[in-house]
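Engineer: I need the structure of the sequence given here:
(2 chains)
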Amino acid sequence: MRYDHILVRYGELALKGKNRNDFEKRLRRNIQHALRSHSSCKVKRTYGRMVIELRGEEPGPVMEKIKPIFGISSFSLAMKSPNEFDEIKETALQAFEQTEGRKDTFKVSARRSYKSFPVRSQDLNKEIGAHILRNTEDVRVDVHHPDVEVTVEVREQGTYITCGRTQGAGGLPVGTAGKVALMLSGGIDSPVAGYLAMKRGAEIEAVHFHSPPFTNERARKKVEDLTKVLTRFGGPITLHVVPFTELQQAIHKEIPSNYAMTIMRRMMLRITERLAQARHMKAIVNGESLGQVASQTLESMYTINEVTNTPILRPLVTMDKQEVVDISKGIETYSISILPYEDCCTIFLPDDSVTKPRRDKAAYFEEGFDFEPLIKDAINRVETVKMEEKAAIEEEMDDLL
Amino acid sequence: MVYLDNSATTKPWPAVMKSYEQAAVSYFGNPSSLHRLGSDAETLLKKARESLASLLQVKSEELIFTSGGTEGNNLAIKGIALQHQNRGKHIITSSVEHPSVKEAFSDLQAFGFEVTYVPVDKEGKVHPDEVEKAIRQDTILVSIIHVNNEMGTIQPIEEIGNRLKKYPKLYFHTDHVQGAGLLPLNFQDCYVDMATISGHKFHGLKGTGLLYKREGVVLSPLFHGGGQEQELRPGTENVPGVVAMAKALRLTREQLQSNSNRLVTMKDYLMDSLLNLEEAKVNTPIESSAMHIVNVSFPGMKPEVIVQSLTKRGFHISTKSACSSKLEEPSEVIQAAGLGLERAKSAVRISLSIDTEEQDVKEFVDQLKETLTEMNKVLGAKRS
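Structural biologist: Just a heads-up that it's a prediction; the model follows:
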């Protein structure tokens, strides 16, 4: 007998009514997507939780894939037994013996949601506990601080037995909150902002501004890699690469250098908003944190924000740099973000940017030149790629290995 | 043509060659270059590294690509010795190592290191007790070969590793070159700090290899240069070679499952046939020896003559290990096992691979018998 199931619990799913169904369906789909390379696994919805049948797959790698999925509060390896008391006892013993880590003390917590089963949960606790004690050595019961909690759940389809649980990623299943546009540079902040938006159920499409030849292939590759890391938390992500060179050159030429940064940001926001509208995205997410750099003063946000009335979500707005760095290390975007390739924000960057730009001035400078054709042209030439965990070229590479 | 010298090198598989060629042509960029070709090559290298790491059940960062077994052994041994010589200058190895380990140790002797050579028994086996006995306050390194390349003896690496873990001051290295393909070790279970692997021993290409180095182990590099491979092995990465090695190891592991019984049967047949031959003295131990190596002596005969005669018949085997077989000297390994000078002078090695067919082995035995009869005639004529 081996651990051949994984029980998946979802916390915030104490949601009501119609939402719950959507939520469960979405979560199931996200789990299935994450496990697509483990083709034997089956994901089943049972009341209030999900069960993954491993069907011969190794549990370790499957658990690794489940950990980052949003919407899961915790999960456990489980053994399933038919609703026969003797078999339940034996399965519980096996589950206890095969669980890893310290196990000098234990307790049994039985729950009988299938009321036709003849043994009551109090008696289940006692009898199963006794069976484990009889068949092990140097193991004691400790009902207050056990090393291992043997959980026994008697359900109509069978009894699931688990020992301990692993913390899930929390949050809401990606996709349950709708779609947002993530402004993704190559830096540390924006991938973290995307991650946090996904945590609350948003499905993201990434928008990146690329200025060849001033930003090179490596910079673009970096953004693709970052997007790919984010797919781990909820399926494929569409990446829009906006050709930004012409607009940047025009800004450089036509706008006083101390306002170039502000105007550039306004242009980016205009383009992102139009992409969002065309693709039914209801909000824009960026990695701004209040007061972190010159373009992120309150005055600057106020001036830049003027060009759109689509909500801008700023998940990092109150975070310190170190907090953001810690998250980015945790989600493994940090090592990619710190690669030294310039993005379009760092080239043409004047030394004399105003830290307190004004709306009227920004608008006045923009009037001096007709940027609209360049904006339209950039949007027309957007390159849209669907980033899977693996891109086509990588599959080609994988064939070589 | 029947090739039975797979411990010397194996024939690269066609699928491996195809990967090599495609990688060499389509991904020829330098992984350090900034352009797309460079970053593609870097991605491919990274993927190959990940693939090898997962096959070896280690982390990607724990692999350092080298040019093969000799370099891996030298990097591990000299790298530890030079880096940690302030802690102590005593190092331990066995009396049955490959020349690339043995010579690295004797080179270190010239730099003031003291070496203890742990003896082996008649089966060529190192005893964990002996290794433990040799440890001193100032011991910083123990290096023991996993599968002996001449006799095929499997050393108790896991047992030795478990004993050595009590001595946090010393590092444990194993030459895993002969074992990596058919008898893979789990480095964590064996408490091995470093292990050497060579690509061409499992149907990859010459000039490829890797050193496993457990996270946290600090080495001094043999080469200095552009910082590749965590500055431990600078030089433009051999991307197609590494890709070929990854492919070869994956295919080997896949094939091993369905072929290991067959290999064992072939080896048993070979051993049985040789044990029944009057002229033969089998040096490979029956228990705990690798499934692909059989070493046998024909006392009174010149092994070169047997090898030459069989080659003419289309059967290729070797005398001793390929790395020392050109020197007309008795086998040090067989002498170290105490099997005597006569056996050490007259040993040949037959080594199999996943590609070997049962029919090949049967025919080989027949041809060997004929060769021996012929040689006996000549020798007999001379004697009379």
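Engineer: now the helix or strand where residue A:168 lies: mean pLDDT?
Structural biologist: Remark: residue A:168 resides in strand A:166-170, with elements defined by DSSP states H and E. Over the span of strand A:166-170, the pLDDT mean works out to 92.
Engineer: same question, stretch B:312-329
Structural biologist: Across stretch B:312-329, pLDDT averages out at 75.
Engineer: which other helices and strands does the helix or strand of chain B with the lowest mean pLDDT contact?
Structural biologist: Within chain B, judged by mean pLDDT, DSSP states H and E, the helix or strand with the poorest mean is helix B:358-383; its value is a mean of 86. The elements that helix B:358-383 packs onto, with contact taken as 3 or more CB pairs under 8 Å, 6 or more residues apart in numbering or on different chains; DSSP states H and E, are strand B:2-3, helix B:239-275, helix B:303-312, strand B:315-316. For glycine as for every other residue, the C-beta is placed from the backbone atoms N, C-alpha and C.
Engineer: at 6 Å what do you get?
Structural biologist: In terms of contacts (3 or more CB pairs under 6 Å, 6 or more residues apart in numbering or on different chains; DSSP states H and E), helix B:358-383 is packed against helix B:239-275.
Engineer: beyond the helix it packs on, next helix or strand please.
Structural biologist: Downstream of helix B:239-275, the first helix or strand assigned by DSSP H and E is strand B:281-282.
Engineer: state the mean pLDDT of that next one.
Structural biologist: Along strand B:281-282, the predicted local confidence has a mean pLDDT of 96.
Engineer: ok, now stretch B:333-344?
Structural biologist: With pLDDT averaged residue by residue, stretch B:333-344 scores 93.
Engineer: in which helix or strand does residue A:75 reside?
Structural biologist: Element membership for residue A:75, per DSSP H and E: strand A:72-81.
Engineer: what sits up against that strand?
Structural biologist: Contacts made with strand A:72-81 from outside it, assessed by CB atoms under 6 Å, 6 or more residues apart in numbering or on different chains, are listed as A:3, A:5-11, A:59, A:66, A:87-88, A:91, A:95, A:158-162, A:165-168.
Engineer: how about residue B:348: what's its closest non-neighbour residue?
Structural biologist: Sequence neighbours aside, residue B:303 is the residue nearest to residue B:348 in space, at 4.8 Å (criterion: CB to CB, 6 or more residues apart in numbering or on different chains).
Engineer: quick check: the nearest residue to residue A:381 once chain neighbours are set aside vs residue A:374, distance?
Structural biologist: With CB to CB, 6+ apart as the measure, residue A:243 is the residue that lies nearest to residue A:381, at 4.9 Å, once sequence neighbours are left out. Taking CB to CB, to the nearest Å as the criterion, residue A:243 is separated from residue A:374 by 10 Å.
Engineer: list residues touching both of the two?
Structural biologist: Residues touching both residue A:243 and residue A:374 by CB under 6 Å, 6+ apart: none at all.
Engineer: and the residue nearest to residue B:20 when sequence neighbours are not counted, how many neighbours?
Structural biologist: Leaving aside its chain neighbours, residue B:20 sits nearest to residue B:244 (4.1 Å; criterion: CB to CB, 6+ apart). Residues lying near residue B:244 (other CB atoms under 10 Å in any protein chain shown) number 32.
Engineer: ok, residue B:136 touching residue B:91?
Structural biologist: No - with contacts defined as CB atoms under 6 Å, residue B:136 does not count as touching residue B:91, sitting 10.3 Å away.
Engineer: those two - which one has more neighbours?
Structural biologist: Set residue B:136 next to residue B:91 and count neighbours by other CB under 10 Å: residue B:91 wins out with 27 against 14.
Engineer: the strand holding residue A:168 pairs with which strands, parallel or anti?
Structural biologist: strand A:72-81 (antiparallel) (DSSP bridges).
Engineer: contacts for the very next helix or strand once past the strand it pairs with, please.
Structural biologist: Next along the chain after strand A:72-81, taking DSSP H and E as the criterion, comes helix A:85-98. Contacts of helix A:85-98 with the rest of the structure, by CB under 6 Å, 6+ apart, involve A:1, A:79, A:81, A:119, A:128, A:131, A:132, A:135, A:150, A:159, A:161, A:163.
Engineer: these two touch, right, the last one and residue A:148?
Structural biologist: To tie it back to what came earlier, the one meant is residue A:163. Yes - under the criterion of CB under 6 Å, residue A:163 is in contact with residue A:148, at a separation of 5.0 Å.
Engineer: what do the two both touch?
Structural biologist: Residues touching both residue A:163 and residue A:148 (CB under 6 Å, 6+ apart) are residue A:99.
Engineer: so chain A: which segments form each domain?
Structural biologist: The record, using the TED database to delimit domains, assigns chain A the ranges A:5-167, A:179-387.
Engineer: out of these, nearest to residue B:355?
Structural biologist: domain A:5-167 (29.4 Å; CB to CB).
Engineer: which residues touch residue A:267?
Structural biologist: Contact criterion CB under 6 Å, 6+ apart gives residue A:247 as the residues in contact with residue A:267.
Engineer: for it, pull up the helix or strand it's in.
Structural biologist: helix A:257-278.
Engineer: show me how far that helix is from its chain's centre.
Structural biologist: Remark: helix A:257-278 is offset 26 Å from the chain centroid, using CA atoms, centre = their mean, to the nearest Å.
Engineer: which residue is the nearest non-sequential neighbour of residue B:205?
Structural biologist: Leaving aside its chain neighbours, residue B:205 sits nearest to residue B:244 (5.1 Å; criterion: CB to CB, 6+ apart).
Engineer: what's near enough to touch the one you found?
Structural biologist: By CB under 6 Å, 6+ apart, the contact list for residue B:244 reads B:16, B:19, B:20, B:204, B:205.
Engineer: just say which of the domains of chain A is most tucked in.
Structural biologist: Each of the domains of chain A was assessed for mean neighbour count using mean count of other CB atoms under 10 Å in any protein chain shown. The highest is domain A:179-387, with a mean of 19.
Engineer: could the contacts of helix A:85-98 be laid out in JSON lines, adding distance to residue A:386 and pLDDT?
Structural biologist: Listed next are the contacts of helix A:85-98 as JSON lines, based on distance: CB to CB, whole Å; pLDDT from 0 to 100:
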{"residue": "A:1", "distance to residue A:386": "43", "pLDDT": "81"}
{"residue": "A:79", "distance to residue A:386": "39", "pLDDT": "95"}
{"residue": "A:81", "distance to residue A:386": "43", "pLDDT": "94"}
{"residue": "A:119", "distance to residue A:386": "53", "pLDDT": "92"}
{"residue": "A:128", "distance to residue A:386": "50", "pLDDT": "95"}
{"residue": "A:131", "distance to residue A:386": "53", "pLDDT": "95"}
{"residue": "A:132", "distance to residue A:386": "51", "pLDDT": "95"}
{"residue": "A:135", "distance to residue A:386": "54", "pLDDT": "94"}
{"residue": "A:150", "distance to residue A:386": "45", "pLDDT": "95"}
{"residue": "A:159", "distance to residue A:386": "43", "pLDDT": "94"}
{"residue": "A:161", "distance to residue A:386": "41", "pLDDT": "95"}
{"residue": "A:163", "distance to residue A:386": "41", "pLDDT": "93"}
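Engineer: turn those into a markdown table, including secondary structure.
Structural biologist: Putting those into a markdown table (DSSP: H, G, I helix; E, B strand; the rest coil) gives the following:
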| residue | secondary structure |
| --- | --- |
| A:1 | coil |
| A:79 | strand |
| A:81 | strand |
| A:119 | coil |
| A:128 | helix |
| A:131 | helix |
| A:132 | helix |
| A:135 | coil |
| A:150 | strand |
| A:159 | strand |
| A:161 | strand |
| A:163 | strand |
